[in-house]
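1. only geometry, no sequence info:
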């Protein structure tokens with residue numbers, strides 16, 4: 001599956017991606033896979049900080065938008081402005097909105113309209129597609 005024909009700021013060959021990502025990250029970020037629910041320690045990470053795309057390091061979510069959705073995947077109600085793009089995913093006999101990093105095109109997860117206020121959105125992300133950077137105390 002291909003994200004789009006768009007040229008991203010961070011662009012690598014499939015082999016280059018395989019060299020910098022572990023096999024599970026490559027499957028999720030580049031092949032649109034999904035990690036097993038409950039597999040990521042980031043699901044229960046509630047410290048202050050920034051969640052970055054594991055492919056290119058772009059900040060995509062902040063800890064103040066994270067919440068426990070009970071799904072087994074890290075969930076957020078709002079991304080950092082301009083950090084993500086979406087496409088329609090019609091795999092598995094359903095239609096979903098897929099979330100990608102706007103910088104490298106990496107598949108992060110899906111967004112659903114059953115989240116909390118104020119946005120009503122649930123950005124259900126694969127933990128393996130993210131890296132958590134804790135806030136550094138001043």
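-> Cool, got the structure. If you're wondering where the values come from, they're calculated on a predicted model, not measured in any experiment.
2. do me a favour and get the end-to-end distance for stretch 53-61?
-> One end of stretch 53-61 sits 9 Å from the other (Cα to Cα, to the nearest Å).
3. middle-most residue in this structure, spatially?
-> Geometric centre of the chain, nearest residue: residue 108, 2.6 Å, by Cα atoms, centre = their mean.
4. confirm for me that residue 62 is in contact with residue 51.
-> Yes. The pair residue 62 and residue 51 qualifies as a contact (Cβ atoms under 8 Å) at a distance of 7.4 Å. For the C-beta atoms, the positions are set from N, CA and C on the backbone; glycine is no exception.
5. helices and strands of the protein: which one bottoms out on pLDDT?
-> Least confident helix or strand of the chain, by mean pLDDT, DSSP states H and E, is strand 84-89 with a mean of 90.
6. check which helices and strands that strand sits against.
-> On a contact count with 3 or more Cβ pairs under 8 Å, 6 or more residues apart in numbering; DSSP states H and E, strand 84-89 meets strand 96-101, strand 107-112.
7. between the first one and strand 84-89, how big is the angle?
-> For strand 96-101 against strand 84-89, the angle by axes from the mean of the first three to the mean of the last three Cα atoms, to 10 degrees is 150 degrees.
8. pairing partners for strand 96-101, with directions?
-> strand 84-89 (antiparallel), strand 107-112 (antiparallel) (DSSP bridges).
9. what about the helices in this protein?
-> Assigned by DSSP state H, the chain shows helices spanning 14-20, 23-29.
10. export these to TSV and tack on distance to residue 40, mean pLDDT and mean neighbour count?
-> As requested, the helices of the chain are exported to TSV (distance: least, Cβ to Cβ, whole Å; pLDDT from 0 to 100; neighbours: other Cβ atoms under 10 Å):
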stretch	distance to residue 40	mean pLDDT	mean neighbour count
helix 14-20	19	96	12
helix 23-29	10	97	19
